[in-house]
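Novice: Sequence first, predicted model second:
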Amino acid sequence: MSLKAAVIIPAAGFGTRMKLDHPKQFHKLAGAPILVHTLRAFIDHPAIEEIVVVVPRDQLAHTRELFAQYAPEAANKNLSLVAGGARRQDSVYNGLKALSDRCRVVLVHDGARPLVSPEVINRCYQGAVEHGAAIAAVPVKDTLKMADLDGFIDKTVDRTTLYQAQTPQAAMKTLLQQAYEHNGDRDVTDEASLLENASIPVQLVEGAETNFKITRPEDLVVAQRLLSEQHIPVMRIGHGYDAHRLEENKKLVLGGVTIPHTHGLAAHSDGDVLTHALCDALLGAVCAGDIGGHFPDTDNRYKGIYSIKLLEEVIGVVLSRGYIVANADITVVCQAPKLAPYLERMKTLLAKTCQTVPENLNIKATTTEKMGFEGKKIGISCHAVVLLQKDS
Ligand SMILES: Nc1ccn([C@@H]2O[C@H](COP(=O)(O)OP(=O)(O)OP(=O)(O)O)[C@@H](O)[C@H]2O)c(=O)n1
Ligand SMILES: C[C@](O)(CO)[C@H](O)COP(=O)(O)O
């Protein structure tokens, strides 16, 4: 049976046991924040139609930026971000209230468990569809001791019926809502406890040892290794080159920024060689031809066009193929004017257009010591190299 399923990802905790200076779910491991790895596991899952991520209120804008940068494919899923509460159960409740009416099955999965596999997600989803509620769990594997307050063993506990609860914890939405109402304000640490308190049966399904919750500093080491093995990115490189002739009494635009000068660049568009070289490098990296092919100079729609608009379309092609910009290195060859005062503004604008952060872009300017057409101020040229990446 296929029912509409949603996942709530609580990620509004402080991570006090992790002892970092920021919440652990935003800590970067294997090239992306932990929360992004967790999100990707659900974006990629065919049963999940809706995703609600719960983060601290003061991290909402930052999280939106992170998702745009590291998981642009999330835009194609029904994704919303909501503010969390004081306890995990409050955060999950805020997520529950944000779900659409279409959702019938809810999975709740800790933002701090990035190593969840599709098989574990499937088992929880199927368990909830068949039995009303199901959670991932693993049998306790060590001998269990009960100790007195002085740290001496009181007795050995029979572990044959003992399990460690993991997430996802899945339930029919109506049952989880009912369990919340029944529970009132009592403290619980997971959804299964809520359901148990309301006498709603919960099936245990097989979790995985690798589906651990990143909780203490030592967990980061293991998670880093496992995530790196799982996410060997596919990298693609592209190179772009462009050159335009300088003409008197024209506006000079480079990297989308207007630069005061006696001359500007002659072209069908605004003549922004820097943005054109970047566009060509991006198109080259995904084997999608060049800007001449995409925006022919015989087409009047592109007459005098601000080239940042072209870059917006080009980056759309790149993102639609699942790639993001890992980094770009751009060299403008220009005798005059001096470009140094404008490079930061160019970087900020280009990074925003490329849906990445300025730290991933490097723009440098060089003269040619008065040699060649650039040195003689006949024209300006630009080289760009980009590296794109996507998860394998
Ligand atoms: N008020 C809270 C507390 C926790 N969580 C989330 O619930 C998951 C499991 O909680 P835990 O790992 O215990 O996270 P923290 O509360 O952040 O850690 P600690 O207990 O060490 O502070 C995490 O993804 C965490 O961000 C939440 O959404 N809202
Ligand atoms: C939901 C949970 O991850 C199941 O193991 C856990 O209960 C939440 O974490 P906490 O550290 O116990 O609050």
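Specialist: Received, thanks. Residues are numbered from 1 along each chain as shown. Ligands and ions are numbered 1, 2, ... in the order given.

Novice: what are the phi and psi angles of N211?
Specialist: Main-chain torsions, N211, degrees, to the nearest 10: phi -90, psi 50.

Novice: Got phi/psi on P10?
Specialist: phi -70, psi 120.

Novice: what does L311 give?
Specialist: Per-residue torsions, L311: phi -60, psi -40 (degrees, to the nearest 10).

Novice: Could you shift the numbering so residue one becomes 541, and keep it that way?
Specialist: From this message on, residue numbering opens at 541, which makes the last subject L851.

Novice: Please tell me how far it sits from I870.
Specialist: Noted for L851: a distance of 12 Å to I870, by C-beta to C-beta, to the nearest Å. For every residue, glycine as well, the C-beta is placed using N, CA and C.

Novice: Between these two, which contacts overlap?
Specialist: Common contact partners of L851 and I870 (C-beta atoms under 8 Å, 6 or more residues apart in numbering): L818.

Novice: Which residue, other than its chain neighbours, is closest to the residue sitting furthest away from the middle of the chain?
Specialist: Residue distances from the centre of the chain (C-alpha atoms, centre = their mean) peak at D694, which lies 47.9 Å from the mean C-alpha position. Leaving aside its sequence neighbours, D694 sits nearest to M686 (C-beta to C-beta, 6 or more residues apart in numbering; 4.7 Å).

Novice: From the structure, what's the count of residues near that neighbour?
Specialist: 9 (other C-beta atoms under 10 Å).

Novice: Confirm that it sits in a helix.
Specialist: No. Counting by DSSP: H, G, I helix; E, B strand; the rest coil, M686 falls outside a helix, being strand.

Novice: could you measure it against ligand 2, distance?
Specialist: Separation of M686 from ligand 2 (C-beta to the nearest ligand atom, to the nearest Å): 19 Å.

Novice: biggest strand in the protein by residues?
Specialist: The residue-count maximum for a strand in the chain (DSSP state E) belongs to strand 773-788.

Novice: Can you tell me the SS state at the residue farthest from the centre of the chain?
Specialist: For D694, the assignment made with three-state DSSP gives strand.

Novice: Verify the stated contact: it with L684.
Specialist: No. D694 is beyond contact range of L684, at 11.4 Å (criterion: C-beta atoms under 8 Å).

Novice: anything in contact with each of those two?
Specialist: By C-beta under 8 Å, 6+ apart, no residue touches both D694 and L684.

Novice: so who does V593 touch?
Specialist: Per C-beta under 8 Å, 6+ apart, neighbours of V593: I549, A551, L575, L579, T603, F607, L619, S620, L621, V622, G635, G651.

Novice: If we use 10 Å, what do you get?
Specialist: Residues near V593 by C-beta atoms under 10 Å, 6 or more residues apart in numbering: 547-552, 565, 575, 578-579, 582, 600, 603-604, 607, 614, 619-622, 624, 635, 638, 651.

Novice: Now restrict those to buried residues only.
Specialist: Applying 16 or more other C-beta atoms under 10 Å to the contacts of V593, the neighbour count classes 547-552, 565, 575, 578-579, 582, 603, 607, 614, 619, 621-622, 624, 635, 638, 651 as buried.

Novice: Filter the residues you listed down to the ones in helices?
Specialist: The subset of the buried ones among the contacts of V593 located in helices under the criterion DSSP state H comprises L575, T578, L579, F582, T603, F607, G635.

Novice: Using pLDDT, spot the least trustworthy of those residues.
Specialist: Ranked by pLDDT, these bottom out at F607 (93).

Novice: So that residue sits against V576, correct?
Specialist: Yes. The pair F607 / V576 is scored as a contact, 7.1 Å apart, by C-beta atoms under 10 Å.
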